[in-house]
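3D, please:
(4 chains)
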Number of protein chains: 2
Amino acid sequence: MSGATDDLSRVFGALADPTRRAILARLSRGEAGVQELAEPFDMTLPAISKHLKVLEKAKLIRRGKDKQWRPCILEAAPLKDASDWIGDYRQFWEESFERLDEYLKEIQSREKKKEGVDDHAK
Amino acid sequence: MSGATDDLSRVFGALADPTRRAILARLSRGEAGVQELAEPFDMTLPAISKHLKVLEKAKLIRRGKDKQWRPCILEAAPLKDASDWIGDYRQFWEESFERLDEYLKEIQSREKKKEGVDDHAK
DNA sequence: ATCGTATTTTACCATTTAGTTAAATACAAA
DNA sequence: TTTGTATTTAACTAAATGGTAAAATACGAT
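From the prediction side, this is the model:
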C-alpha cells in the first residue's frame, strides 16, 4: 500500500493485518486502553501504539482522553465505504458459486448414472 | 501488511492500492491481457506485472494462457471472505449513522425553534 | 516535589513494497 | 532461423512497514 494516500487504500491497508483486525474486533465489544488492547499480543506497547496510529489514520478508531488514559473507540463508518466497494463485485462471486453449484450438481447426476452402471456390472 | 501471510490479510493488502482496485474493476468487464491492463496507467509493464502477481497471490485473479498472451480473469470469491469479515461490523456503522441522523434531527428542531425566535426579533 | 502508571516519541533495524531499466523468455509468423 | 510481440525476471533503488529498546511525556496520587 506504500505511497497510496487515498482513504479507501488506507482503510484496506489498515485491515491488511491480523493484529489490527483483532484490535477492531476487541473494540467492537467496547472501548479499551492501550495496555488492555496490547494484552493478547506478544508485542511491545510501542508496536501496539503504532498499529493504533494506523487505525486512527484510517479513521477506524477515535482516541478519547480520560486522565492519563487514551481509550480507543471503534469508528466503523469507513468500513461502509470498503463494504460498498466490495459490494460491487457481489454478483461475480455469487455467479461463480452458482457455476460451481451447477457443476457439482452435474457431477452428482453423472455419478448417479455411473452408480447405476456399476450396479449392473456387479 | 509486511509479514502477515494469512489469506484475509493478503486480500485486504491487495485491495489497498488504487491501481490494483482499478485493474479489478477493468477485469469485471471481462478478461484482459497485461498490455491492455497497463494502458490507463503511467507505469511500466513490469510494474503492472508485479501488481498482477499480488492479485494472483490473493487469488483475486487467475491467469490464462493463450499463445503468448496470459490473460487475467477476475476471481471474485475471496472478496466474499473480505465482505463477510466487514459485514460483522455493519451494525456499528448503521448505529452511528442512526445516532448522526438523530443528532441532525435534534439540531433541526432546535433550529426551527430558533427561527421562530429570530422571526420575533425582526 | 517525587513517584507511579499510561502512553508516545525517538532512534534504530530488517523486511517488504513499488517502482525503475535492461535482459531474458515464450511463442507466432515470415 | 530470424523477427516481432507479449510478458516476466533480475538487479537495483527509495520509501514504507513492523518491530525493538530506551528515553520522554502526561497526569494522578502521595
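
for chain A, which residues are neighbours of chain B?
Residues of chain A lying close to chain B (Cβ under 8 Å from any Cβ of the partner chain) are A:1-2, A:4, A:6, A:8-10, A:12-13, A:15-18, A:21, A:24-25, A:28, A:74-77, A:79-80, A:82-83, A:85-90, A:92-93, A:96-97. Any C-beta I mention is one placed from the backbone N, CA and C, and that applies to glycine too.

the strands in chain A, which residues?
Under the criterion DSSP state E, strands of chain A are mapped to A:61-63, A:72-74.

figure out which of these is closest to residue B:33.
Comparing the strands of chain A by their distance to residue B:33 (Cβ to Cβ), the top pick is strand A:61-63, with 41.6 Å.

give me the mean pLDDT for that closest one.
Mean per-residue pLDDT for strand A:61-63: 97.

how about it, which residues are buried there?
residue A:61 (16 or more other Cβ atoms under 10 Å in any protein chain shown).

distance-wise, check residue A:66 relative to residue A:24.
Relative to residue A:24, residue A:66 is positioned 21 Å away (Cβ to Cβ, to the nearest Å).

of these two, who's got more company?
residue A:24 (22 against 9; other Cβ atoms under 10 Å in any protein chain shown).

that one touches residue A:56, doesn't it?
No: applying Cβ atoms under 8 Å, one finds residue A:24 not in contact with residue A:56, separated by 11.9 Å.

list the contacts for residue A:11?
When contacts are counted by Cβ atoms under 8 Å, 6 or more residues apart in numbering or on different chains, residue A:11 touches A:58-60, A:78-79, A:81-82.

can you lay out those as CSV showing distance to DNA strand D and neighbour count?
Listed next are those as CSV, based on distance: Cβ to the nearest atom of the strand, whole Å; neighbours: other Cβ atoms under 10 Å in any protein chain shown:
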residue, distance to DNA strand D, neighbour count
A:58, 10, 23
A:59, 15, 17
A:60, 13, 26
A:78, 16, 20
A:79, 18, 24
A:81, 18, 15
A:82, 16, 24
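
and stretch A:15-34, C-alpha only, in CSV?
The C-alpha coordinates for stretch A:15-34 follow below in CSV (Å, rounded to 0.1, in the frame of the first residue of the first chain):
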residue,chain,number,x,y,z
LEU,A,15,-7.4,-4.1,7.6
ALA,A,16,-4.5,-6.0,6.0
ASP,A,17,-3.0,-7.0,9.3
PRO,A,18,-4.4,-9.6,11.7
THR,A,19,-3.3,-7.7,14.8
ARG,A,20,-5.2,-4.7,13.7
ARG,A,21,-8.3,-6.7,12.8
ALA,A,22,-8.2,-8.3,16.2
ILE,A,23,-8.0,-4.9,17.8
LEU,A,24,-11.1,-3.8,15.9
ALA,A,25,-12.8,-7.0,17.0
ARG,A,26,-11.9,-6.2,20.6
LEU,A,27,-13.2,-2.7,20.3
SER,A,28,-16.5,-3.9,18.9
ARG,A,29,-17.1,-5.1,22.5
GLY,A,30,-16.4,-1.6,23.9
GLU,A,31,-13.7,1.0,24.2
ALA,A,32,-10.3,0.0,25.7
GLY,A,33,-7.0,1.5,26.7
VAL,A,34,-3.7,0.6,25.0
